[in-house]
Each structure stands twice: as structure tokens, then as C-alpha cells.
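Undergrad: sharing a sequence plus its predicted fold:
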Amino acid sequence: MVNPKNALLALKFFQSKLKPKREVILYNVTLKVFRKCKDLDRAEKLFDEMLERGVKPDNVTFSTMISCARMSSFPDKAVEWFEKMPTFGCDPDDVTYSAMIDAYGRAGNVDMAFSLYDRARTEKWRIDPVTFSTLIKIHGQSGNFDGCLNVYEEMKAIGARTNLVIYNTLLDAMGRAKRPWQAKKIYKEMTENGFSPNWMPRLRLCWGSLRNLTLL
């Protein structure tokens, strides 16, 4: 089910059939529909309705709200939802903490993002490609180009999946760093992993020319 209106109708129907203690499950399922539709506004209104009905949100509720905010491109909202969890007696799991590395990074709280990343490495949390891309981008924006490469190497070391966004972020960073030899290495790994480059125009803008970079 991907239609928000139908999801609300289904929620009302099942609320009349199930015992109150099961209501949180119904709300969580409906919130996931809103997440899929990237409809944070409806999700937040439904959360308020939960509270009005005396339904206690659980970890699934908050992880869904956080991911809905991320998917809707509202990292600040994701941070707000994460920081509400203790108020409701909910403890974030590893997946939620990992997601917050990305959210804090995109919200501008770089120190918190890297603090969580340090913890993630120590406790071996599962980190998704979006989060790795955010970390690489943060390093690149601050001019810490070695940091970009370190995150990339750490990512490969744990067997994490790389995607086109990560490769493009790295290539942009190496372009700004004027490191054609490292861009060439990343390009090679990129094509070996089945990705087609779409970054050449951006590198030309960064470097003015690519005469020093032999890609083929």
C-alpha cells in the first residue's frame, strides 16, 4: 500500500478490530507508508494522533520517523526526532545511530557526526552508503582530502557497498585537491565495479584541463 489516504482508512478499520495494545503496530505500518511517499507532514500529524489516543511510540515508530525525515531531505527534523527518543523511554539501536551520522552531518553538526562515526567503527555498526557519502563530502568541504580517502578505505575494509554517488563525491574531492593520480585510481575502481562515470565535466571545471590525467 502506497496511497496515504488509503493507509489512513485501513488504520481506522483495523483500529476497530484489534485490541488497544496492538495499536502501535498499526500506526507504525501506516507511518511506513508515509515514509515511502516521503510525506513527513502526514507522518508527524499521525504521530500526534498516536499520543492523543494514548498510544506509546516504540523504537520502530522513531526509526520510521527519522528515516522519513531523512528521505524527505529534512536532516534537522531527523535530529529532532532522534533527540526525542529518551523522552519516550526509547533507546536507539545500531541502525538508528548509523542513520544519525548522516543526519547530523547534513544538518551541519559535524562534530556529532564524527563522534558517532568513531563509535560506529568501535562497535561495528552497519553503515549505509548514504552515510559514507555524507562523511566523505564533509571531509571534502573542509579541505580534508586525506580524510575522504580514509573513509573510503575504511568502507572497503569492512566490505560496505559502494555506489555512484560515493565515487562522484570522491572524484570531486580529488579534483579540488588537484590529485589526478588518485582520481585515476578511483576511476579505475569505479569502472571495474560496473559504474559509468558522469563526472568529467566537473573535473574539467575544477582543474581547467585534464592534460595531466591519462584515464585510458
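TA: Arrived safely, thanks for sending.
Undergrad: so, low pLDDT: which residues of the chain?
TA: Within the chain, the stretches with pLDDT under 70 are 1-21, 197-216.
Undergrad: repeat the analysis, applying 50 as the threshold.
TA: Under the criterion pLDDT under 50, the flagged ranges of the chain are 201, 205, 207-211, 213-216.
Undergrad: break it into its domains for me.
TA: Listed domain ranges for the chain are 1-115, 128-216 (source: automatic domain parsing).
Undergrad: distance between the longest one and the chain's centre?
TA: Here the centre of mass of C-alpha atoms in domain 1-115, compared against the chain's by C-alpha atoms, centre = their mean, to the nearest Å, lies 15 Å away.
Undergrad: returning to what we had before: Throw the domains of the chain into TSV and include mean neighbour count and distance to T122, thanks.
TA: In short, each C-beta sits where N, CA and C put it, glycine included. Shown next, in TSV, are the domains of the chain (neighbours: other C-beta atoms under 10 Å; distance: least, C-beta to C-beta, whole Å):
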stretch	mean neighbour count	distance to T122
domain 1-115	17	11
domain 128-216	16	12
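Undergrad: looking at those, spot the one closest to R121.
TA: With C-beta to C-beta, the closest approach to R121 among the domains of the chain belongs to domain 128-216: 7.0 Å.
Undergrad: how about P92, nearest residue that isn't a chain neighbour?
TA: M85 (5.9 Å; C-beta to C-beta, 6 or more residues apart in numbering).
Undergrad: can you tell me the helix or strand for L46?
TA: helix 40-52 (DSSP states H and E).
Undergrad: again, but for V60
TA: helix 59-71.
Undergrad: check which helices and strands the very next helix or strand once past that helix is in contact with.
TA: Counting by DSSP H and E, the element after helix 59-71 in chain order, helix or strand, is helix 75-84. In terms of contacts (3 or more C-beta pairs under 8 Å, 6 or more residues apart in numbering; DSSP states H and E), helix 75-84 is packed against helix 59-71, helix 94-107.
Undergrad: can I get the ones you listed in JSON lines including distance to M174?
TA: Formatted as JSON lines, these follow (distance: least, C-beta to C-beta, whole Å):
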{"stretch": "helix 59-71", "distance to M174": "27"}
{"stretch": "helix 94-107", "distance to M174": "20"}
